[in-house]
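# Need coordinates for the following:
(4 chains)
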Number of protein chains: 2
Amino acid sequence: MTSTRQLFTQNNLRCTTQRIALFDTLCACKSHPTAEELFGMVKPAMNSLSLATVYNTLDALCEAGLAKKLPTSKGTCRYDADMSEHLHVRFQDTGEIRDVPMDLSRKLLDHLPKGVLIEIERDLGIHIDGINIQLSGRKANGIS
Amino acid sequence: MTSTRQLFTQNNLRCTTQRIALFDTLCACKSHPTAEELFGMVKPAMNSLSLATVYNTLDALCEAGLAKKLPTSKGTCRYDADMSEHLHVRFQDTGEIRDVPMDLSRKLLDHLPKGVLIEIERDLGIHIDGINIQLSGRKANGIS
DNA sequence: GTACGTGCAAAATGTTTGCATCATT
DNA sequence: AATGATGCAAACATTTTGCACGTAC
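Numbering: from 1, shown residues only, chains lettered A, B, ... in the order given. The predicted structure is shown next:
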């Protein structure tokens, strides 16, 4: 089991109390909080915490490859510390983002035709670094 | 050939000079401009145009299903009047978004396993309304 | 004529920055 | 001790809002 401190050290990140608390909270979080939401979660346990630190930390984590910034249509960005390739569902009403479970994500990602991706790279003269799939969803009607 | 006026009328949108100019410009646009960029394109030909109107119009167009707001990781939103299902490439350095040509988009979308999508709907208790695929790309090194 | 859109300026939101202080290495 | 992170407030960028006026229906 790798501790957060080890992980940070391996990635040249200083182990400050704030960063560790923020990262651990983000990891424990099923939702994909905005900076403000994450701030709200950690602040009670760390009264001196500043919102600027949350932004700085999230930037540093993304930079180091320990978190991902998720694109959203609303004005706010959301963050995800689960770096495994997986899909997201974005709820149209709330803007909330949820994970598609690993096994289902894999099933879908494994079915992507690699040949087409290579064609796209050639056609556009680009190199593809990542694939981001977001499903737009709403809670199904009827018995939930 | 459907004129913009017809299209607007069919969708219960008032045909104001501003809306028509904005929509036509957005349609003619290969890039996926931000509100500000679109404003910059139309303003010269329509000096009275206000940025608030651009935002209002883009909202109305999205609401009516004539345009789409594209999620981005940067702070700004981008807009697309091409409502056919197609993929996007997001350039990591500039934040710019470009279309993957229709035929290649189709090839990839047609290969998505429908069964897995249904499994996802069942598993999460949701209804999937749309699939948004963004490739992260950078210009390929070497001979372009 | 009425309902709705526009333009303007001001406000609300989300994020970044500069700088003095403090903690980690 | 030196480097880099924090906290604060102010700056900045983007989007939304309120209201008087104008335009489409």
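# where does A:His71 fall, phi/psi-wise?
Slight slip there: residue A:71 is Pro, not His. Geometry field for A:Pro71 lists phi and psi as phi -70, psi 140, criterion degrees, to the nearest 10.
# Contact partners for the closest residue to it other than its chain neighbours?
Counting by CB to CB, 6 or more residues apart in numbering or on different chains, B:Pro71 is the residue found nearest to A:Pro71 once chain neighbours are left out, at 3.7 Å. Where C-beta positions appear, they are placed from N, C-alpha and C, glycine not excepted. With contacts defined as CB atoms under 8 Å, 6 or more residues apart in numbering or on different chains, the neighbours of B:Pro71 are A:71-73, A:90, A:134, B:77, B:132, B:134.
# so where does A:Arg106 fall, helix or strand?
Following DSSP states H and E, the helix or strand that holds A:Arg106 is helix A:102-110.
# quick check, that helix touching chain B?
Yes. Judged by CB under 8 Å from any CB of the partner chain, helix A:102-110 and chain B are in contact via A:104, A:107-108.
# which one of these has the most neighbours?
Compared across the residues of helix A:102-110 next to chain B, A:Leu108 has the highest neighbour count, 21 neighbours, by other CB atoms under 10 Å in any protein chain shown.
# before we move on, the earlier item: mind putting the residues of helix A:102-110 next to chain B into a markdown table with distance to B:Ala67?
Output for those, formatted as a markdown table (distance: CB to CB, whole Å):
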| residue | distance to B:Ala67 |
| --- | --- |
| A:Leu104 | 31 |
| A:Lys107 | 32 |
| A:Leu108 | 27 |
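# Export those residues as a markdown table, with columns for pLDDT and distance to B:Ile126.
Below are these laid out as a markdown table (pLDDT from 0 to 100; distance: CB to CB, whole Å):
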| residue | pLDDT | distance to B:Ile126 |
| --- | --- | --- |
| A:Leu104 | 95 | 12 |
| A:Lys107 | 94 | 17 |
| A:Leu108 | 95 | 15 |
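# contacts for the helix or strand where A:Asp59 lies?
In the assignment (DSSP H and E), A:Asp59 maps to helix A:51-64. Contacts to helix A:51-64, defined as CB under 8 Å, 6+ apart, come from residues A:11-13, A:18-19, A:22-23, A:26, A:35-36, A:38-39, A:42, A:67-69, A:79, A:81.
# Can you name the next helix or strand after it?
Helices and strands here follow DSSP H and E; after helix A:51-64, the next one along the chain is strand A:68-70.
# average model confidence for that following strand?
Confidence over strand A:68-70, taken as the mean pLDDT, stands at 93.
# right, is it up against chain B?
Yes. Using CB under 8 Å from any CB, strand A:68-70 reaches chain B at A:69-70.
# Strand partners (parallel or antiparallel) of that strand?
According to DSSP bridges, the neighbouring strands of strand A:68-70, each with its direction, are strand A:78-80 (antiparallel).
# contacts for the strand it pairs with?
Residues from elsewhere that reach strand A:78-80 (CB under 8 Å, 6+ apart): A:26, A:32-35, A:38, A:58, A:61-62, A:67-70, A:72, A:88, A:97.
# Next SSE downstream of it?
Downstream of strand A:78-80, the first helix or strand assigned by DSSP H and E is strand A:88-91.
# surely A:Glu36 meets A:Thr76?
Yes. Contact criterion CB atoms under 8 Å: A:Glu36 and A:Thr76 qualify, at 7.4 Å.
# Up against DNA strand C, what does chain A have?
Within reach of DNA strand C by CB under 7 Å from any atom of the strand, chain A has these residues: A:8-9, A:14-17, A:34-36, A:51-52, A:55-56, A:59, A:75-77.
# With that, I have no additional questions.
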